[in-house]
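**Q** next comes the sequence, and after it the predicted model I'd like to discuss.
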Amino acid sequence: MTPPILLTGFQPMNDDAVDPTAILMDRLAGEPGVAAALLPPVYDACGDAFVALLNEHRPLAALCFAASARSDSVQIERLAWNRDESEQADAAGSIRLDQPILADGPTAYGSTLPLPRVMRELAMAGVPVTFSDFAGGFLGNHLFYRARHAIERANLDVPMGFFHMPLLPGQAQAVPGRRGMGLERQELAARALVAMLRRALVPTA
């Protein structure tokens, strides 16, 4: 049996919040060849949860998603930096400023997806897309770094990448200059990525 492609999003920060990636995972859960999961929006815990999923599923590849107000495009993050540095508190109330994620870890890890092909696939699907070399200093970057570190340390052949998804249009109204992106287009992007990876990694896909 072919291993699944692991997809992760984040649980909402609180009961009143909406996280587009949580809705996205709900839509993709149960799809053939996909294992979709939500991670806690808490430092350390999100990385621990990813490692548990990695051990459980031994996936073909892993795609992690987090919401961001920085762009109205899907942002392909190229680098995960060994640094937590955000004034925003996680769901447990923790604030981390200029703190290494792993004291003995490398400065950065790179995405192991075929990034030019990823860009091309999303653009051909009609999804606005950009590259980014800074995934921020909050939970998304933390997860990206921890995920790549876990895969590297276990010597697994698991292509892994991280994406920042725009806010939904209703959420973006509160952010000057932002329009957001509808959930249907975000779902289209995720499905295009899964299809691309299955074509590349499963000979009969």
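**A** That came in fine, so what should we check first?

**Q** which stretches of the chain form strands?
**A** Using DSSP state E, the strands assigned to the chain run over residues 5-10, 34-39, 61-68, 74-77, 79-81, 84-86, 96-99, 108-110, 129-132, 160-166.

**Q** isn't L7 up against A36?
**A** Yes: contact criterion Cβ atoms under 8 Å: L7 and A36 qualify, at 4.6 Å. (Each C-beta comes from the backbone N, C-alpha and C, glycine too.)

**Q** report the angle between the helix ranked longest in the chain and strand 160-166.
**A** Longest helix of the chain, by residue count under DSSP state H: helix 183-201. Helix 183-201 runs at 170 degrees relative to strand 160-166, counting by axes from the mean of the first three to the mean of the last three Cα atoms, to 10 degrees.

**Q** for helix 183-201, packing partners?
**A** strand 5-10, helix 20-28, strand 61-68, helix 115-124, strand 160-166 (3 or more Cβ pairs under 8 Å, 6 or more residues apart in numbering; DSSP states H and E).

**Q** can you lay out those as JSON lines showing mean pLDDT and distance to L53?
**A** Shown next, in JSON lines, are the helices and strands packed on helix 183-201 (pLDDT from 0 to 100; distance: least, Cβ to Cβ, whole Å):
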{"stretch": "strand 5-10", "mean pLDDT": "98", "distance to L53": "6"}
{"stretch": "helix 20-28", "mean pLDDT": "97", "distance to L53": "12"}
{"stretch": "strand 61-68", "mean pLDDT": "98", "distance to L53": "8"}
{"stretch": "helix 115-124", "mean pLDDT": "96", "distance to L53": "21"}
{"stretch": "strand 160-166", "mean pLDDT": "98", "distance to L53": "12"}
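
**Q** can you redo those as TSV with mean neighbour count and distance to I101?
**A** Listed next are these as TSV, based on neighbours: other Cβ atoms under 10 Å; distance: least, Cβ to Cβ, whole Å:
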stretch	mean neighbour count	distance to I101
strand 5-10	24	17
helix 20-28	20	20
strand 61-68	25	15
helix 115-124	15	22
strand 160-166	26	14
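
**Q** F138: which of those is closest?
**A** strand 61-68 (8.3 Å; Cβ to Cβ).

**Q** sheet partners, orientation included, of that closest one?
**A** Neighbouring strands of strand 61-68 in its sheet, by DSSP bridges, are strand 5-10 (parallel), strand 160-166 (parallel).
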